[in-house]
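In: give me a model of this one.
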Amino acid sequence: GSREMISIRVVSTLTLILSWSHVLLQTTAFAPPSLGLGAIFLKPAGMNTRPSLGDDETLTECTDFFCDAFWADKLVGKKQLGDRLRKSLFDSQQLEFRRRYGIKVGKDRRSELLVCRNNRKQIMGVCGIQVESIPNGGMMDEGNLVDAAPLMSNVAVGRPFRRRGIAEAMVQQAEDMALKQWGYDEVYLYVEEGNRAAIKLYRKLGYRDVWKDPYARTIVPLPSGGLKNTGTTILCMKKRIRGGLLSRMFGG
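Out: Below you'll find the predicted structure:
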């Protein structure tokens, strides 16, 4: 039916797949959350999170980081990408980051990639947020889009820095940008239903389920150097960020 034709989102090239990164790349790369005192005491020295401001050198550095922090985690049976596969993913991811977060002269700049670094200037995590139309019920057609709202995506934390409160800090800063700079009351995100660690974190931070799309597609790197286009279920979550501390903690 028409729903399946819209929702399956069949793609023929890696570049087209990456153009849906706000949906497909939300298999967030970090360990189960470590909230509370543990996260406070384990935070890396000098940790700071700042916007890329569309700087191309920064986006290129983030692309390199993302290949290891995100794509290598999706690789079946290995922990490192082969050179050929990594270059292919790097080139396509760089194009996507430039398209989504690069400098847009004379255009809406409500699109930002936040970059978390330690006191040695190493990238520890990245988190994107962009204002765009959100599907209602998982159907990507004009009759089922709500008003434009901030959508968080491309969240990844490097392996050496996980379980240290970095993801939480980046999510908080993304919410602050959406509320204080852009004037929005809510933030949305997409996450694969099988990513239990990410879902657990988001629920602890006050995000609530909105809808599921069982017909979504994602790609998985293979040890052979290829890519597998496979089915997945996408969960849309939402949090109300205006209304005080309780609202921000519990999404009320």
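
In: all strands for this structure, in order.
Out: 48-51, 111-117, 123-132, 149-157, 186-192, 208-221, 227-240 (DSSP state E).

In: for the fifth one, name the packing helices and strands.
Out: With contacts defined as 3 or more Cβ pairs under 8 Å, 6 or more residues apart in numbering; DSSP states H and E, strand 186-192 has these neighbours: strand 149-157, helix 196-204, strand 227-240. Bear in mind the C-beta positions are built from the backbone N, C-alpha and C, glycine included.

In: of all those, which one is nearest residue 174?
Out: Ranking the helices and strands packed on strand 186-192 by proximity to residue 174 (Cβ to Cβ) places strand 149-157 first, at 5.3 Å.

In: per-residue confidence averaged over the closest one?
Out: Averaged across strand 149-157, pLDDT comes to 96.

In: that strand: how far from the chain's middle?
Out: 3 Å (Cα atoms, centre = their mean, to the nearest Å).

In: okay, residue 76: pLDDT?
Out: At residue 76, pLDDT is 68.

In: hmm, back to that, dump the strands of the chain into JSON lines; add distance to residue 74 and mean neighbour count as well.
Out: Output for these, formatted as JSON lines (distance: least, Cβ to Cβ, whole Å; neighbours: other Cβ atoms under 10 Å):
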{"stretch": "strand 48-51", "distance to residue 74": "24", "mean neighbour count": "16"}
{"stretch": "strand 111-117", "distance to residue 74": "20", "mean neighbour count": "22"}
{"stretch": "strand 123-132", "distance to residue 74": "16", "mean neighbour count": "23"}
{"stretch": "strand 149-157", "distance to residue 74": "11", "mean neighbour count": "25"}
{"stretch": "strand 186-192", "distance to residue 74": "10", "mean neighbour count": "23"}
{"stretch": "strand 208-221", "distance to residue 74": "5", "mean neighbour count": "18"}
{"stretch": "strand 227-240", "distance to residue 74": "10", "mean neighbour count": "18"}
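
In: got these as TSV, with distance to residue 100 columns?
Out: Supplementary listing: those in TSV, determined by distance: least, Cβ to Cβ, whole Å:
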stretch	distance to residue 100
strand 48-51	13
strand 111-117	6
strand 123-132	6
strand 149-157	8
strand 186-192	14
strand 208-221	17
strand 227-240	18
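
In: among those strands, which is nearest residue 71?
Out: strand 208-221 (6.0 Å).

In: gap between that closest one and the chain center?
Out: That offset, for strand 208-221, works out to 13 Å (Cα atoms, centre = their mean).

In: same check, this time on stretch 165-177
Out: Centre to centre, stretch against its chain (Cα atoms, centre = their mean), the figure for stretch 165-177 is 12 Å.
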